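# Build me a model from this:
(chains A, B, C and D)
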Protein chains: 2
Amino acid sequence: MLEERRLDVLRAIVEGFVLTNEPVGSRAVAERGQLGVSPATVRNDMAALEEEGYIVQPHTSAGRVPTDKGYRLFVDRLSTVKPMSVAERRAIETFLEGAIDLDDVVRRSVRLLAQLTRQVAVVQYPTLSRAEVRHVEVVAMTSTRLLLVLITDRGRVEQRVVDLSEPLEDDDVADLRLILGSALHGSRLVDVPAAVSELPDTCRPHLRNTLSALVAVVLESLVERPEERVLLAGTANLTRSTLDFPHTLRPVLEALEEQVVLLRLLGSSNEPDLITVRIGAENDVEGLQTTSVVSADYGFGGVGVLGPTRMDYPANMAAVRAVARYVGELLGP
Amino acid sequence: MLEERRLDVLRAIVEGFVLTNEPVGSRAVAERGQLGVSPATVRNDMAALEEEGYIVQPHTSAGRVPTDKGYRLFVDRLSTVKPMSVAERRAIETFLEGAIDLDDVVRRSVRLLAQLTRQVAVVQYPTLSRAEVRHVEVVAMTSTRLLLVLITDRGRVEQRVVDLSEPLEDDDVADLRLILGSALHGSRLVDVPAAVSELPDTCRPHLRNTLSALVAVVLESLVERPEERVLLAGTANLTRSTLDFPHTLRPVLEALEEQVVLLRLLGSSNEPDLITVRIGAENDVEGLQTTSVVSADYGFGGVGVLGPTRMDYPANMAAVRAVARYVGELLGP
DNA sequence: ACTTGGCACTCGGGACAAAAGAGTGCCAAG
DNA sequence: CTTGGCACTCTTTTGTCCCGAGTGCCAAGT
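Sure thing, here's the model as predicted:
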């Protein structure tokens, strides 16, 4: 059927609106859209598209603007992820290559992504769950306070302070280190809970309490609070669309301060190389219902960008995918 | 001389403007300012104050607004840090008490400070330089890659990855750990460079290269890149004064993304219990010339808030001081 | 059955003018 | 030195008008 052209009209509207930030009228669509039809024809299609809820007009004598539903159709059926130029790929590569550190990789990635897309960028620190324990360290800070340090194979270090109910000798500390070390060395973090849960029962009585405390901390820090962190960059880019968000900016900034919220934004898609797009109200996060999020998984965590629903989806999807791939490679082996 | 009343007029103007965000006229000063004089009298004083550059009028028929110089005089001579209520002190205390972790202390402090002042809050992670080395760990990630971990007495952990030019045996790793450990244990971080710089010369030849590499990393991470980090919260509060910053918001957000800039903001004052206020152009940081910063040192780093020059200085100074004190106590022993 | 040009209609926004208000500076008197 | 009065200056508000953009609908064309 002639749906074909209607979709082209929608595409033209989306692209036009993204470009100009102004409602786009039938004439503009007819001319810029490369369809060989007159404005009047376009108007008919637009009426139909509006009927079905893909576009709206802000007021009677204005052009049309895509709705969330319209953008959704656009990304699902009308947009192709536009491949990045060679120059861009090289830029990404060289920019990330200089990283000296796990933290540095993450820091550089967010900044890069923010710069590339001119949106707010979010990058999650590699999640621990698939990492292996490389080393366990128990250090006495005082006689009743231990510092427990887990070092993983990806160069990540987790630390926890443990307060003890009874004081401890240096020898005991060494013992604990040994016990925990042999129990954990080489296990993947997901398997750690199983590996440690029985430990207290099998050790010398006078260490039992202390070991229980340590084990509890290990379990807590790994299971209950996976301590997933994210890094943010490019909030200044929100002001570019300050025209869009006149006073909607505040709730957005507020939402972005919550780590939990950010994690939820990146959360859902665990399949690498799948790009997730959440448009407007599809984000059931308070304050972000006028924004869209494009995210992807790099294998050990997520990366994404956030901006107004009126964003250049193809470009942002491309950038997110590219960065996710590079980060994945960088942190993979 | 009658300077006395002029200062009262200035105070009334500052307080009025902070309160209402609108230029304040002679009538308002006369009424709200509790001085027993007529508007006409006030006008004379205002003319004088304007003459001397403490206030300006945005346009001919508007009230007066304080200049940076006016605010400066205000904080120097007219404002007393208003003590926090008992309830507030208790709130601070209980809020910070729940911290489980060094990182957690910092996180809670920023949030608290942002909430208390309704400004942007900045808290620096405790600087390493006065900390003592509690433990040194060397872990082999691969045969040519080591992870070096320094654990300090305040529960802070510094880590660095070191790539080696030649592969290493497990025994060697243990040796290295021992050598570094005995050299560093107990030294204050500032003294570490001296403690390690001679090490390579005194050890067995076949470890010399590797040890040099490690030492180089230690030196670099401690001296050249002190890796001072800061945490930020409350950026959303900037939008409250979006009326002040119509489009000045963008450069501010941009500036706040630079760690270096934030460090400079907290930087100068190393004396605990001294509150530093930098007003408007006194911040020689690009983009922050329309903002003021109130900061203090808690002993191992700085805390502060940033907001429009039109801010409630006494209240913010009180909050910053209170938080700095609590954080200092919390991290002190 | 679509497409198209024509046409009347709606509305937002810019231009302009007049009026209202706020606040000042200055002066002359207390 | 203070104060009330007053003229003056600007900004802000309000109101009106008009233009242009864009639409919807219709009747004619293919």
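# so what does whichever strand or helix holds A:Ala47 touch, helix or strand wise?
Assigned by DSSP states H and E, A:Ala47 falls within helix A:39-51. Packing contacts for helix A:39-51, counted by 3 or more C-beta pairs under 8 Å, 6 or more residues apart in numbering or on different chains; DSSP states H and E, involve helix A:3-20, helix A:26-32, strand A:55-56. For glycine as for every other residue, the C-beta is placed from the backbone atoms N, C-alpha and C.
# Just say which of the ones you listed is most tucked in.
Ranked by mean neighbour count, these are led by strand A:55-56 with a mean of 20 (mean count of other C-beta atoms under 10 Å in any protein chain shown).
# and the worst-scoring helix or strand of chain A on mean pLDDT, what does it pack onto?
Within chain A, judged by mean pLDDT, DSSP states H and E, the helix or strand with the poorest mean is helix A:199-202; its value is a mean of 72. In terms of contacts (3+ C-beta pairs under 8 Å, 6+ apart), helix A:199-202 is packed against helix A:170-184, helix A:205-219.
# So for A:Ala114, which of the ones you listed sits nearest?
When the helices and strands packed on helix A:199-202 are compared by C-beta to C-beta, helix A:205-219 sits nearest A:Ala114, at 35.5 Å.
# Okay, now the sheet partners of whichever strand in chain A runs longest, with direction.
Among all segments of chain A classified by DSSP state E, the strand with the greatest residue count is strand A:133-142. Counting by DSSP bridges, the strands paired with strand A:133-142 are strand A:145-152 (antiparallel).
# which residues touch the strand it pairs with?
For strand A:145-152, the surrounding residues in contact (C-beta atoms under 8 Å, 6 or more residues apart in numbering or on different chains) are A:128, A:131-141, A:157-164, A:168, A:173, A:176, A:184, A:189, A:210, A:214, A:217-218, B:134-135, B:137, B:139, B:147, B:149, B:151, B:155, B:157, B:159.
# Give the buried residues for that strand.
Of the residues in strand A:145-152, those scored as buried under the neighbour-count criterion (16 or more other C-beta atoms under 10 Å in any protein chain shown) are A:146-152.
# quick one on the thing from earlier: how about the helices and strands packed on helix A:39-51, which one is nearest B:Ala99?
When those are compared for distance to B:Ala99 using C-beta to C-beta, the nearest one is helix A:3-20, at 45.0 Å.
# average pLDDT across the closest one?
Per-residue pLDDT values over helix A:3-20 give a mean of 92.
# by contact count, what packs against it?
Helix A:3-20 packs on helix A:26-32, helix A:39-51, strand A:65-66, helix A:68-73, going by 3+ C-beta pairs under 8 Å, 6+ apart.
# and the shortest one, anywhere near DNA strand D?
No: applying C-beta under 7 Å from any atom of the strand, one finds strand A:65-66 separated from DNA strand D by no less than 10.1 Å.
# follow-up on the earlier one: CSV please, covering the helices and strands packed on helix A:3-20 and showing distance to B:Val294 and mean pLDDT.
Putting the helices and strands packed on helix A:3-20 into CSV (distance: least, C-beta to C-beta, whole Å; pLDDT from 0 to 100) gives the following:
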stretch, distance to B:Val294, mean pLDDT
helix A:26-32, 51, 91
helix A:39-51, 53, 93
strand A:65-66, 44, 96
helix A:68-73, 42, 96
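# Of the ones you listed, flag the one that's most buried.
strand A:65-66 (a mean of 24).
# what does that strand rub up against?
Residues lying outside strand A:65-66 but in contact with it, judged by C-beta under 8 Å, 6+ apart, are A:10, A:13-14, A:17, A:23-24, A:54-58, A:74, A:310.
# nearest to B:Ala324, of the residues you listed?
Each of these was scored against B:Ala324 by C-beta to C-beta, and A:Arg310 proved nearest at 43.3 Å.
# Surely the closest one is in a helix?
No: the secondary structure assignment for A:Arg310 gives coil rather than a helix, going by DSSP: H, G, I helix; E, B strand; the rest coil.
# and it, how far is that from A:Val24?
A:Arg310 sits 12 Å away from A:Val24, taking C-beta to C-beta, to the nearest Å as the criterion.
# These two: which is more packed in?
Neighbour totals were compared for A:Arg310 and A:Val24, and A:Val24 leads with 25 against 20 (other C-beta atoms under 10 Å in any protein chain shown).
# Just the pLDDT at that one, thanks.
Reported pLDDT at A:Val24 in the predicted model: 95.
# now A:Glu93
Here the pLDDT value assigned to A:Glu93 is 90.
# check contacts around it.
Listed by C-beta under 8 Å, 6+ apart, the contact set of A:Glu93 reads A:Tyr326.
# ok, then the element right after the strand or helix carrying it?
Element membership of A:Glu93 [criterion: DSSP H and E] is helix A:86-97. Scanning forward in sequence from helix A:86-97 by DSSP H and E, the next helix or strand is helix A:102-117.
# between A:Arg310 and A:Val24, what contacts are shared?
Contact criterion C-beta under 8 Å, 6+ apart; residues shared by A:Arg310 and A:Val24: A:Phe17.
# Contacts only, for A:Gly328.
Contacts for A:Gly328 were tallied using C-beta under 8 Å, 6+ apart; they are A:272, A:298-300.
# Close to DNA strand D: what parts of the stretch 51-200 of chain A are there?
Within the stretch 51-200 of chain A, the residues that sit near DNA strand D (C-beta under 7 Å from any atom of the strand) are A:57, A:60-64.
# got a winner among the residues you listed for most neighbours?
By neighbour count, taken as other C-beta under 10 Å, the most surrounded of these turns out to be A:Arg64 (28 neighbours).
# For that residue, list each beta-bridge partner.
Judged by DSSP bridges, the bridge partners of A:Arg64 are A:Val24.
# do you know how far it is from DNA strand C?
14 Å (C-beta to the nearest atom of the strand, to the nearest Å).
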